[in-house]
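Engineer: Give me coordinates for this.
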Amino acid sequence: MKRSSARILLLSSALLMAALGFVATFAPEKVLGPGTIGSMPTLVAQIAGALYLGFAMLNWMAKDNAIGGIYSRPVALGNLLHFFAVAMALLHLVSAGNNQGILLTVTLIYVIFAGGFGLLVFGKSPGSA
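Structural biologist: Residues are numbered from 1 along each chain as shown. Coordinates of the predicted model:
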């Protein structure tokens, strides 16, 4: 994968994760529904939001590095694991018959990011034999 493609992938994933992180951290009721403030699911949503914000910052800071090489491989592998695991969970939900429009959209987004990071990690880099 070209360096500019990796940069776009990291930049776009950073923006997505930052948006999800801000909503989950600062407005968990938008994710969980009304009447959940102060509950354990609210705390879990806020913790997950903080994780998303941390990952967003990592991707933002790494966007100018050579990600496909040995130096930033952990960044690419961490992203691949995240996007692949969430994509599989979402695909499982969709295959069980939960075909709401927003769920299908989010699933597609996660599958695309999982594929992009898969190509970044396992794809043939320029100049390699």
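
Engineer: Next up, identify which helix or strand Leu77 is on.
Structural biologist: Using DSSP states H and E, Leu77 sits within helix 73-95.

Engineer: After that helix, which helix or strand is next? Please name it.
Structural biologist: Downstream of helix 73-95 (by DSSP H and E), the next one is helix 101-122.

Engineer: distance between stretch 102-121 and the chain's centre?
Structural biologist: 8 Å (CA atoms, centre = their mean, to the nearest Å).

Engineer: Identify each buried residue in it, please.
Structural biologist: Neighbour counts over stretch 102-121 (16 or more other CB atoms under 10 Å) mark 106-107, 109-111, 113-114, 116-117, 119-121 as buried. Heads up, the C-betas are built off the backbone N, CA and C, glycines and all.

Engineer: Check which helices and strands the helix holding Leu77 sits against.
Structural biologist: Contacts defined by 3 or more CB pairs under 8 Å, 6 or more residues apart in numbering; DSSP states H and E place helix 73-95 against helix 3-26, helix 40-62, helix 101-122.

Engineer: Good, wrapping up.
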